[in-house]
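Colleague: With the sequence up front, the predicted model follows.
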Amino acid sequence: MTAPYFHDGSAEMLDDVLAHYARAGRVIEDGPFAGDGARNPHKHGMIVGFDASDDEITDIIAFLHSLTDESFLTNPAYSDPWPDDHPVRIDRVMPGDFSHSC
């Protein structure tokens, strides 16, 4: 629904997400996972990327935004059922909360 995207929050915008998939991997400049993901020998052969014009990328992003139903997201009937002090919630890390270490 909102940035950051991917399981690790490494894509700040939908443009970054689409660039990752279009390229069939991303380039990580430094750190323990540095390298060119498009050339990773462990990547499945069906991950091949795609070509898209700037207009097509803009259209894809507009389509993805159209899928968000704000009335669903803000409807109290679908909110978290657990009180703040319930054990289920105490140590739970929510998406986008980077204050916890895993």
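Modeller: Looks like it came in fine.
Colleague: Could you report the pLDDT at Met13?
Modeller: pLDDT for Met13: 94.
Colleague: which intervals of this protein have sub-threshold pLDDT?
Modeller: 94-102 (pLDDT under 70).
Colleague: where exactly do the helices run in it?
Modeller: Counting by DSSP state H, the chain has helices at residues 14-23, 54-66, 70-73, 87-90.
Colleague: now the second one against helix 14-23, angle please.
Modeller: Calculated by axes from the mean of the first three to the mean of the last three Cα atoms, to 10 degrees, helix 54-66 forms an angle of 120 degrees with helix 14-23.
Colleague: which residues sit against helix 54-66?
Modeller: Leu14, Asp15, Leu18, Ala52 (Cβ atoms under 8 Å, 6 or more residues apart in numbering). (Glycine included, C-beta is placed from N, CA and C.)
Colleague: show me the contacts for Arg89.
Modeller: Counting by Cβ under 8 Å, 6+ apart, Arg89 has contacts Asp80, Trp82, Pro83.
Colleague: What is the burial count for the second one?
Modeller: I take that to be Trp82. Trp82: 12 surrounding residues under other Cβ atoms under 10 Å.
Colleague: what's it sitting at in phi/psi?
Modeller: phi -90, psi 140 (degrees, to the nearest 10).
Colleague: ok, now which ones touch Leu18?
Modeller: Counted by Cβ under 8 Å, 6+ apart, Leu18 has contacts Ala52, Ile57, Ile60, Ile61.
Colleague: Generate a PyMOL selection restricted to the buried subset of those.
Modeller: Only the buried entries of these go into this PyMOL selection, using 16 or more other Cβ atoms under 10 Å:
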select buried, resi 60
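Colleague: and Gly35, what is it in contact with?
Modeller: Residues near Gly35 by Cβ under 8 Å, 6+ apart: Val27, Ile28.
Colleague: Please apply the same query to the one 5 residues further on.
Modeller: Under the criterion of Cβ under 8 Å, 6+ apart, the contact partners of Asn40 comprise Gly25.
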